[in-house]
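Participant: Structure for this input, please:
(2 chains)
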Amino acid sequence: MCKNALCIFLQDKFLKSLRRLIPFLFPYRFQVMAGFSTFFVARFFEISTIWAVAKGIDVIGQRLKGLEPEYSLAQISFAIVASVVFRMLFVIHARRAVRRVAIAVSYDLRQRLYTSVQQQGHDFFARLGVGDIMTRAIQDISLIQRLCAFGAFMFVIMVYAPFFAVIGMLSKSITMTLLILPTMPLIFLYAKHIARFLSISSLAVQERLSELASHVQENLSGIRTVQAQAQEANEIKRFWLTNDAYGSAFYEQAKINSLMMAWMPFFASCAQLLIIIYGGTLVLENKMSVGDLIFFLACLGMLLQPIRMAGMFVTIVQRAAVATDRLYEIYDAKPEIQETPSNQTPTVIKGEFEIRNLNFVYPRTDVNTLKDISLHIKAGESIGIVGRVGSGKSTLLKQFTRMLNTPKGTLFVDGHDVCDYPLSQLRSQIAQVLQDPFLFGEPLKNNISYDDPERELELIWDSADAAALKETIENFPHQMQTLVGERGVTLSGGQKQRATLARGLIRNAPVLILDDCFSSVDTETEEHILSRLKAIRGGKTTILVSHRVSTLRHSDRIIVLEEGRIVEEGSHEALIRLDGNYAALERAQTQGAGNE
Amino acid sequence: MNKPVRDHAMFDAELSGAVLNLQLLNRILFWIRPYRLRLFASAILILATSFLTVIMEIIISRVLVDYIIIGEANSNMPDLGMIKLTQWLELQTGLPPLYAAGAIFFVLMSAIGVLGHYHRLTLISAIVEGLRDLRQDLFAHLETRPSSFYDKVPVGRIMTRVTNDVEALYEMLRGIGSLVGEFVPFFIALIIMFSTSVKLTLLLLFFVPFVGIATYFFRQASREVFRLVRNSVSELNQNLQENLSGMQVVQLSEREAHNLDVYTKINKTNRRFEYQSINLSTFYGAFTDSLASVGLGIIIYYGGGEVVQDEMSLGGVILFTRFMNMLFTPVVMLGEQLNVLFRAMASGERIFQALDWDEQIHEPENPYKFSKRIQGKIEFRHVNFGYSKEVPILKDVSVTIEPGKKLAIVGPTGSGKSTMIRLLGRFYDFDRDMIFIDDIDLNDLHSHDVRKRVGVVLQDFHIFSGTILDNIILGNPDISREMAIAAAKTVNAHEFIEKLPAKYDSPLVERGANLSQGQRQLLAFARVLAADPEILILDEATASIDTETEMLIQSGLRELMKGRTSILIAHRLQTIQEADKVLVLHHGTVKEYGTHAELLAMKGIYHTLHELQFQDVSFDDEDNPILKENTEDNGI
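Facilitator: Numbering: from 1, shown residues only, chains lettered A, B, ... in the order given. From the prediction side, this is the model:
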């Protein structure tokens, strides 16, 4: 019955999507069942109220005719009030039960989402983006919560209301019930027909709205570009299109909805007409009481209730179905990086790396970003990597900590395949500082000691010092407690880079990987940091990417990458002698010196 | 310069919306006003529909029950002429009374359908279009707020005004519309009830205030819980947003488990408050729902007595029972709508706060109009400037750049380089007689005119979604496809664009995530080139491009800079060497100024910078003034 009622209004694909919510509802099946049973009882009391009122009318009618009625008016009134109170109590419990389930389900959905995203890698975030995931976490989960709360309420109306209405009608007059039932398929057919339009139009509204939101967000995020180019007027004009499209889609949906609400009274009046004429005749012939006729009319109203709700129902279910799909897109995403520890790897990484014929292709692309890379890095060695944009530097670095899905048998850490190590070990013993200096909206202290919130303050200051950030922090009124980000202090690009560097240094890991993290730091500060690093990290493996020859030349060995291949490799002097790309780069950067 | 100090935190402050602000409503209506004819039509239609709805009930109770079934049309009671109409129809058509009443009923019902439909259409279209215009005006207003505004207020906060807050207004206006739609029949029904039985009507009305009392207590009790729910929700979102943005760091620091714990805690708190809030709301909802039904018991008990004493007809009793919903629905709905209304009030306040936020770049009343092509002479004359009064960023900076010349500005982070070019781009207000283009004070020019002449490649270049071409043209009708492609070729972006599947028509996703950083920069260059400004500014945008790519860009830029006055900011001296003059900025003051060779010969800061670039120099912190960094310049 439930499924059929749903099918009338919905396309199968939505049902398929909704079925995926079952695992989330399953733990609360008893609460759900309790809620629905309570609703059933509440509905019973609701129709009892109508029945009692009809009985009251008959009693009055009988007294009017001077007949002795079977019940007194006081009895009837008491019955009405009693059933109203009972209905209320049951409704409270039923609603509370299903709404609690709805809240619990959204709690679970959120937990699942959080756990899922934490396991995702590069490809996932490249595909979805933070804004998109946020919308799913906020909007989509609340749409499902709405379905769980109101959906139950709808179910009551869709199923219980017609059920009790038909029972009630049959109890009064079978022939009259049969007389109006043929009009029902007509109504349902119409409802189904319009529900399809409603489906389409409500999806359109959803889409236009999210377009509107992303248009605004994108535009405002780039407001400086817009203003720098004096493009405000054009942008405002461009916004009109998005804005108006949303308005039109919204109106279109409202129109279909309203049309349905207009046709319903018409259909209802057809059925009511039958009751008035046929039922009226029966009453005139004394085959039916006035109360029963009124009762019949009330039952008809109840029978038609689901159709009044259809518009809202379709929208809620459909939105929830789409929301479910969107959430499952996150839940179903397999972590790119699968942990496959062999349990035979050493517990401490010394920092020796062997790369053998490594080819790397980003998912959903067909270009090898890394091509046949072979490289041996001795423990304690310092390696500089240089190469033009898109040559694969960052891609190479991310292999060491398995931030990308390194193919098996291509990268060996201390003689063991990188895939054999537990991820946590790789990431704790190989400290990697990313190109993008990201800081959390927390105090600096937490940001620097991000891996271990309990670390001693002194150690945090030490690493800030090593990253040449100590002085800067000392100038802040709240020092290490300075809140950074939106609600706190905005740091300059160079300060951010040094804070993230401190975050990497604090781990004191056997291996340190720096991905072009001095680009916004001025040369002298960089020089200063590097010389400190040399002292601190003597004998430990360090791999760094830079565009500056002045930075690279400190390395034991320099690797030049081009289009994913190693094209040159050797010490600074050796590469200069080779007179290849690196030497050209060196010339380009020292050209000025030659001009003197 | 006497500008009011603005507290941007105000923009974030939680607006109460606790009071029913009629002034606010009035302001919202300003946008609906152009559509007032439709609104008026809608009101007429709802009046007609309500009237017909009431008449239908009269047909059932008074005509069907009293006149036809009971057979006595108690003339003391109102029937709005329906009994007469039935009788007339009987006479005219010879139909039995039952059929005549049925026919009238059918016609009325159909009319309700049609009139109701047009009522909804006129109402909704007036609201939708009015709010669309409001949204447009709001967007246009925000679009022209200055950088100082966007420096302080996060985009997310501004964005929700345009989306969520306007949506909330729709809910409110639609809610008010429905309320009116419910209250019109309420009053019509009330009049008829009073004329049927004053006592019974008063008895029933006695219950109505209970709805109000219940609503009041509910609001009092739930206020605190709702606030807690709201707070916990925003905490949830904030936590998630931040962890998503920094996921790589989270994973590299193996903070997953710890972060999940933190999130779980917030999630649990949220669940607890949500549970608390529904306890109240389910009770309130069920209670107000039930009041109307209690009235039924009173009607039967009291009305029954009246009928027997011949004060009322049976149809009258039935009429009362059928009117009960009309009497209670609007009152219950009012209670429900109050929440929507208050929420919308807060939204309205936020919208108008944004609309009233008149912070803007000061524009001259009679701006000087440049000729078609300007020379491009730039002069900074004793420039003093700070974003706030306490912290000066630029101190007495003077420099002149002759037309077509190139100036390189160097200096450590926070020295004020970015600020200089932001002022030149007229992103902030500053005093008169400080900055000139072609000897015209920037304060005498319209900021648009300045920005059309000054092409800026900002540090944080932004890529809009749309195609590559869209991103170069940026909606500027003066730039043709060919010009865009030519610009891309000049900055060597053409090569990578041609490799994309749909070339110039390849779509870009949010923030250009499918382009590498270098490619994004090349595109940002192409964008500025396509706009063909007379003055060119490059702000450190080359910092994360490797030397080879930068050489490609520079070969293009060299062509471009010919005949254009240019200001370059880059850390690498090699980029700067091609400049005609170099200005060394430190702590906001000009320390050195001259050609590359002159500065080197001075053996000052520039010389040190230069040395560091190419040689191993060990040095002491204390000896080197440049290392003491100014932290006040916060980036854009």
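
Participant: show me where the stretch 151-300 of chain A has strands.
Facilitator: Ranges of strands in the stretch 151-300 of chain A, per DSSP state E, counting those that start in this stretch: none exist.

Participant: Tell me where it is predicted with low confidence.
Facilitator: Counting by pLDDT under 70, the stretch 151-300 of chain A contains no low-confidence segment.

Participant: residues near B:Leu26, how many?
Facilitator: Check again: residue B:26 is Asn, not Leu. B:Asn26 has 9 neighbouring residues, counting by other CB atoms under 10 Å in any protein chain shown. Bear in mind the C-beta positions are built from the backbone N, C-alpha and C, glycine included.

Participant: Per-residue confidence, it, what does it come out as?
Facilitator: pLDDT for B:Asn26: 86.

Participant: cool, B:Asn237 as well?
Facilitator: In this prediction B:Asn237 is given a pLDDT of 84.

Participant: ditto for A:Thr590
Facilitator: 66.

Participant: for B:Asp433, same thing?
Facilitator: At B:Asp433, the model reports a pLDDT of 87.

Participant: That one: neighbouring residues, count only.
Facilitator: If you count neighbours by other CB under 10 Å, B:Asp433 ends up with 12.

Participant: before we move on, what about B:Arg230?
Facilitator: Close neighbours of B:Arg230, defined as other CB under 10 Å, add up to 12.

Participant: same question, the one 5 residues further on
Facilitator: Neighbouring residues of B:Glu235 were enumerated by other CB under 10 Å; the total is 16.

Participant: Hmm, it is touching B:Asn267, no?
Facilitator: No - with contact defined as CB atoms under 8 Å, B:Glu235 does not count as touching B:Asn267 (9.7 Å).

Participant: which residue ranges form the strands in chain B?
Facilitator: B:378-385, B:394-401, B:406-410, B:435-437, B:440-441, B:454-457, B:466-467, B:507-508, B:535-539, B:565-569, B:581-586, B:589-594 (DSSP state E).

Participant: List the contacts of the nearest residue to B:Leu291 once chain neighbours are set aside.
Facilitator: Once flanking residues are discounted, B:Leu291 sits nearest to B:Phe207: 5.5 Å by CB to CB, 6 or more residues apart in numbering or on different chains. Applying CB atoms under 8 Å, 6 or more residues apart in numbering or on different chains, we find B:Phe207 in contact with B:Leu291, B:Val294, B:Gly295, B:Phe328.

Participant: Stretch A:352-372: which residues count as buried?
Facilitator: A:Glu352, A:Phe353, A:Glu354, A:Ile355, A:Leu358, A:Phe360, A:Tyr362, A:Asn368, A:Thr369, A:Leu370, A:Lys371 (16 or more other CB atoms under 10 Å in any protein chain shown).

Participant: oh, I was asking about stretch A:339-346
Facilitator: A:Thr345.

Participant: What about contact with chain B: does that stretch have any residue there?
Facilitator: No - if you take CB under 8 Å from any CB of the partner chain as the test, stretch A:339-346 misses chain B, and the best it gets is 12.2 Å.

Participant: residues in contact with that stretch?
Facilitator: A:Val413, A:Asp414, A:His416, A:Asp417, A:Cys419, A:Asp420, A:Tyr421, A:Pro422, A:Leu423, A:Gln425.

Participant: Quick one: end-to-end length of it, please.
Facilitator: From its first residue to its last, stretch A:339-346 covers 16 Å (CA to CA, to the nearest Å).

Participant: for stretch B:180-199, the distance to its chain's centre please.
Facilitator: Distance, stretch centre to chain centre, for stretch B:180-199: 42 Å (CA atoms, centre = their mean, to the nearest Å).

Participant: so which of the contacts of stretch A:339-346 comes closest to A:Arg63?
Facilitator: A:Leu423 (84.4 Å; CB to CB).

Participant: can you narrow the contacts of stretch A:339-346 to ones near chain B?
Facilitator: Okay, of those touching chain B (CB under 8 Å from any CB), that's A:Leu423.

Participant: okay if I get the contacts of stretch A:339-346 as JSON lines plus neighbour count?
Facilitator: JSON lines is the format used below for these (neighbours: other CB atoms under 10 Å in any protein chain shown):
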{"residue": "A:Val413", "neighbour count": "26"}
{"residue": "A:Asp414", "neighbour count": "16"}
{"residue": "A:His416", "neighbour count": "16"}
{"residue": "A:Asp417", "neighbour count": "17"}
{"residue": "A:Cys419", "neighbour count": "23"}
{"residue": "A:Asp420", "neighbour count": "15"}
{"residue": "A:Tyr421", "neighbour count": "25"}
{"residue": "A:Pro422", "neighbour count": "15"}
{"residue": "A:Leu423", "neighbour count": "22"}
{"residue": "A:Gln425", "neighbour count": "17"}
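
Participant: Need the max-distance pair from the contacts of stretch A:339-346.
Facilitator: Every pair of the contacts of stretch A:339-346 checked by CB to CB; the farthest is A:Asp414 and A:Leu423, at 16.0 Å.

Participant: List the buried residues for stretch A:162-170?
Facilitator: Neighbour-count burial for stretch A:162-170, counted by 16+ other CB under 10 Å, picks out A:Pro162, A:Phe163, A:Phe164, A:Ala165, A:Val166, A:Gly168, A:Met169.

Participant: For the first one, list the residues it contacts.
Facilitator: What that stands for is A:Pro162. By CB under 8 Å, 6+ apart, A:Pro162 lies in contact with A:Met302, A:Leu303, A:Gln305, A:Pro306.

Participant: can those go into a markdown table with extra columns for distance to chain B and pLDDT?
Facilitator: Formatted as a markdown table, the contacts of A:Pro162 follow (distance: CB to the nearest CB, whole Å; pLDDT from 0 to 100):
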| residue | distance to chain B | pLDDT |
| --- | --- | --- |
| A:Met302 | 13 | 86 |
| A:Leu303 | 16 | 84 |
| A:Gln305 | 13 | 79 |
| A:Pro306 | 18 | 78 |
